[in-house]
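K.L.:
Coordinates for the following, if possible.
(one chain, ligands or ions: 1)
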Amino acid sequence: MKLTFDCQQVSRLLSDGQDRHLPTADRARMRLHLVMCQSCRNVDEQMQFLRRAMRGLHLHEAALHESRPHDRDPA
Ligand SMILES: [Zn+2]
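P.N.:
Below you'll find the predicted structure:
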């Protein structure tokens with residue numbers, strides 16, 4: 001078994017948002033790849049930014065319906 005994923009696997013997992021559902025060992029393999037690979041780190045950052053933006057929109061939408069200003073994800 002390979003120690004880390006390759007770029008193709010990592011970027012696919014990142015773009016599908018599947019990294020959160022991976023078993024711990026696979027997630028560790030992915031993190032290890034990210035430590036070593038600048039281009040996948042860039043992908044990871046973009047995906048995290050997008051996810052935060054999406055979550056922000058979602059929270060904003062929820063806030064329009066029910067006013068809960070403190071209900072924010074600290075991440
Ligand atoms: Zn890579």
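K.L.:
got the CA coordinates for stretch 50-63 in PDB?
P.N.:
Output in PDB follows, covering the C-alpha atoms of stretch 50-63 (Å, rounded to 0.1, in the frame of the first residue of the first chain):
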ATOM      1  CA  LEU A  50     -15.400  27.700  -1.400                       C
ATOM      2  CA  ARG A  51     -16.900  25.600   1.300                       C
ATOM      3  CA  ARG A  52     -16.700  28.500   3.800                       C
ATOM      4  CA  ALA A  53     -18.300  30.800   1.200                       C
ATOM      5  CA  MET A  54     -21.100  28.300   0.700                       C
ATOM      6  CA  ARG A  55     -21.600  27.900   4.400                       C
ATOM      7  CA  GLY A  56     -21.600  31.600   4.800                       C
ATOM      8  CA  LEU A  57     -24.300  32.000   2.200                       C
ATOM      9  CA  HIS A  58     -26.300  29.200   3.900                       C
ATOM     10  CA  LEU A  59     -26.000  30.900   7.300                       C
ATOM     11  CA  HIS A  60     -27.000  34.200   5.800                       C
ATOM     12  CA  GLU A  61     -30.100  32.600   4.200                       C
ATOM     13  CA  ALA A  62     -31.000  30.900   7.500                       C
ATOM     14  CA  ALA A  63     -30.600  34.200   9.300                       C
END
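K.L.:
just the helices in this structure please.
P.N.:
Secondary structure of the chain (DSSP state H): helices located at 7-16, 24-36, 38-65.
K.L.:
Which strands or helices does the last one pack on?
P.N.:
Yep, that's helix 38-65 we're talking about. The contact analysis (3 or more Cβ pairs under 8 Å, 6 or more residues apart in numbering; DSSP states H and E) places helix 38-65 against helix 7-16, helix 24-36. C-beta here means a position set from N, CA and C on the backbone, and glycine is covered the same way.
K.L.:
these two touch, right, Met30 and Val10?
P.N.:
Yes - checked against Cβ atoms under 8 Å, the pair Met30 and Val10 is within contact range at 5.6 Å.
K.L.:
about what we covered before: to the ion, which of the helices and strands packed on helix 38-65 lies closest?
P.N.:
helix 7-16 (3.3 Å; Cβ to the ion).
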